[in-house]
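Student: could you look at this predicted model? Sequence included:
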Amino acid sequence: MTPRLVCTVLLALVGLGGWTSAQQAASLPNAPDSFKFGVIGDNGTGSKAQYEVGAQMASTHARFPFELVIMLGDNFYGGQKADDLVKKFSLPYKPLLDAGVVFHAALGNHDQISTINYPPIGMGGQRYYTYAVKNVRFFVLDTNSLGQDQLAWLDSALQAATEEWKVAYFHHPIYGNGGRHGSAVDIRVRLEPLFLKYGVQLVFAGHDHVYERLKPQKGIQYFVVGSSGQLRKGDLERSESTAAGFDQDNAFLACEIVGNHLYFQAISRTGTTVDSGEMQLATKPAGEGE
């Protein structure tokens with residue numbers, strides 16, 4: 001039987017509409033050999049809020065030196081000429097770029113296709129692609145146009161992956177409780193079977209301009225991080241599937257993988273921790289307990 005991984009949340013921040021715990025929320029271990037990365041979505045506004053989130057990311061990086069930032073689409077709003085790309089990416093994240101942090105983006109519905117050729121966002125001219133860092137394999141998808149060619153590629157890429165962790169990210173959430181958009185069920189029915197078949201453990205999306213951590217769905221942990229530049233204040237319509245959420249200010253997510261543990265910390269534009277916790281991944285046979 002093909003092994004798959006089931007996420008169990010061990011610790012979560014109390015009082016944010018998510019799971020509660022008698023214990024204090026987990027902090028990032030900041031282990032010397034761990035894999036550290038940041039997550040932003042719907043960030044490319046060129047606004048004061050984007051720059052302030054960028055400053056918080058730089059401040060976090062000074063004490064928690066993440067090596068990668070994944071971008072969940074809508075990397076650029078409005079004009080996307082050369083000077084726009086500088087204003088909406090290169091300048092707000094200049095301290096991180098200068099420190100050698102690598103960015104890898106997915107396309108959002110506001111992104112012009114030409115931006116896949118903008119070197120700093122790390123797409124390499126591809127609408128969808130895969131890459132690995134340490135024991136983590138990322139699958140970056142274009143959910144604006146999810147045709148059979150892309151699905152066949154994803155099937156093959158997932159099957160070939162040998163890394164312990166399989167992480168997918170893209171723009172449109174297949175689980176989410178944002179009032180403006182919510183779950184993209186049409187995309188879910190095409191992607192979820194592949195995620196379950198090949199043991200994807202972790203999925204990130206944007207599109208709704210809020211932060212949300214979902215309760216694990218069929219053993220997969222989902223996050224929506226869509227407020228790193230845009231914010232739709234008060235738009236999170238919590239449901240039974242919501243573990244935690246924040247829709248009052250812009251935010252980004254810091255993550256750390258240590259062995260089979262994921263630690264996460266969602267940080268607002270003003271530096272407040274709005275969600276944090278630890279997840280342990282435990283192998284078990286496919287189909288058991290679903």
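Tutor: Looks like it came in fine.

Student: in the stretch 151-290 of the chain, which spans are strands?
Tutor: For the stretch 151-290 of the chain, the strands defined by DSSP state E, counting those that start in this stretch cover 165-169, 202-205, 211-214, 221-225, 242-246, 251-258, 261-268, 273-285.

Student: turn the ones you listed into CSV, columns for mean pLDDT.
Tutor: Output for those, formatted as CSV (pLDDT from 0 to 100):
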stretch, mean pLDDT
strand 165-169, 97
strand 202-205, 98
strand 211-214, 98
strand 221-225, 98
strand 242-246, 97
strand 251-258, 98
strand 261-268, 96
strand 273-285, 79
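
Student: and of those, who's closest to residue 180?
Tutor: Nearest to residue 180 among the strands of the stretch 151-290 of the chain is strand 221-225; the distance by Cβ to Cβ comes to 11.5 Å. In this view, the C-beta of every residue, glycine as well, is placed from N, C-alpha and C.

Student: adjacent strands (with direction) for that closest one?
Tutor: strand 202-205 (parallel), strand 211-214 (antiparallel) (DSSP bridges).

Student: grab the nearest non-local neighbour of the spatially most central residue of the chain.
Tutor: The centre of the chain sits closest to residue 204, judged by Cα atoms, centre = their mean, with a distance of 3.4 Å. Leaving aside its sequence neighbours, residue 204 sits nearest to residue 169 (Cβ to Cβ, 6 or more residues apart in numbering; 4.1 Å).

Student: test my guess that residue 250 contacts residue 232.
Tutor: No - Residue 250 is beyond contact range of residue 232, at 10.7 Å (criterion: Cβ atoms under 8 Å).

Student: show me which of these two is the more surrounded one.
Tutor: Between residue 250 and residue 232, residue 250 has the larger neighbour count (other Cβ atoms under 10 Å), namely 29 against 17.

Student: could you measure from that one over to residue 66?
Tutor: 18 Å (Cβ to Cβ, to the nearest Å).

Student: same thing with residue 103?
Tutor: 11 Å.

Student: for residue 50, give me the backbone phi and psi.
Tutor: phi -60, psi -40 (degrees, to the nearest 10).

Student: do I have it right that it meets residue 228?
Tutor: Yes - using Cβ under 8 Å, residue 50 makes contact with residue 228 at a distance of 7.1 Å.

Student: so what sits against both of those two?
Tutor: Shared contacts of residue 50 and residue 228 (Cβ atoms under 8 Å, 6 or more residues apart in numbering): 43, 250.

Student: which one's more surrounded, those two?
Tutor: Each of residue 50 and residue 228 has its neighbours counted (other Cβ under 10 Å); residue 228 has more, 33 against 26.

Student: can you pull the contacts of the more buried one?
Tutor: By Cβ under 8 Å, 6+ apart, the residues touching residue 228 are 40-43, 50, 53, 250-252.

Student: list the buried ones in stretch 61-71?
Tutor: When neighbours are counted by 16 or more other Cβ atoms under 10 Å, the buried residues of stretch 61-71 are found to be 61, 64, 66, 68-71.
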